[in-house]
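K.L.:
Mind folding the following:
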Amino acid sequence: MHSQSRFRANAPDTVHETFDNEAVLLNLKSGNYYSLNEMGTVVWTLVESGNTISSMVELLCRRHRAEVELVGSAIERFLAELSAEGLIIEEAVAGNDSAPAAHSDEAPPAGPFSAPELRRYTDMQALFLLDPIHEVADAGWPRALENAMAGKDR
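P.N.:
Model prediction:
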């Protein structure tokens, strides 16, 4: 990953919602859903605001008075995990466009930095992958066509 890399949600395959200090994400292709801890939600918001990796690290180091190496490695690991799960995709950054896109640093200093975490849940894959309009048996929903679920991980 390059420090000037910028990411965005992998829409339309990823949908998300933030509730208080927790973000919930759903990968519509895999059927997995995810929750982010408070720091993961902060990073998700920074990703959504169009920040580069370097601008996220700089902002979080200032906010949490943390070391660049600690924050940088945690952010890169987290972004790699989001990318591996198909939740974000890298965008091309034109020239030296490294400034945050739309997130100010007016917040007062926060507590100690904690690593962002992604928790994956697979318990509802079959339900999320079922298309109740197109992939139903003659008996109707919720009975999936046999071939609609064939080949999909459950």
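K.L.:
Can you give me the domain boundaries for this protein?
P.N.:
6-123, 126-154 (automatic domain parsing).
K.L.:
Would you mind pointing out the helix or strand residue 119 falls in?
P.N.:
According to DSSP states H and E, residue 119 maps onto strand 118-121.
K.L.:
what pairs with that strand, and is each one parallel or antiparallel?
P.N.:
If you go by DSSP bridges, strand 118-121 pairs up with strand 33-36 (antiparallel).
K.L.:
Output the contacting helices and strands for whichever helix or strand comes after the strand it pairs with.
P.N.:
Moving toward the C-terminus from strand 33-36, the next helix or strand (DSSP H and E) is helix 38-48. If contacts are counted by 3 or more Cβ pairs under 8 Å, 6 or more residues apart in numbering; DSSP states H and E, helix 38-48 sits against strand 6-9, strand 14-19, strand 22-27, helix 53-64, helix 68-84. No exception for glycine: its C-beta is placed from N, CA and C like everyone else's.
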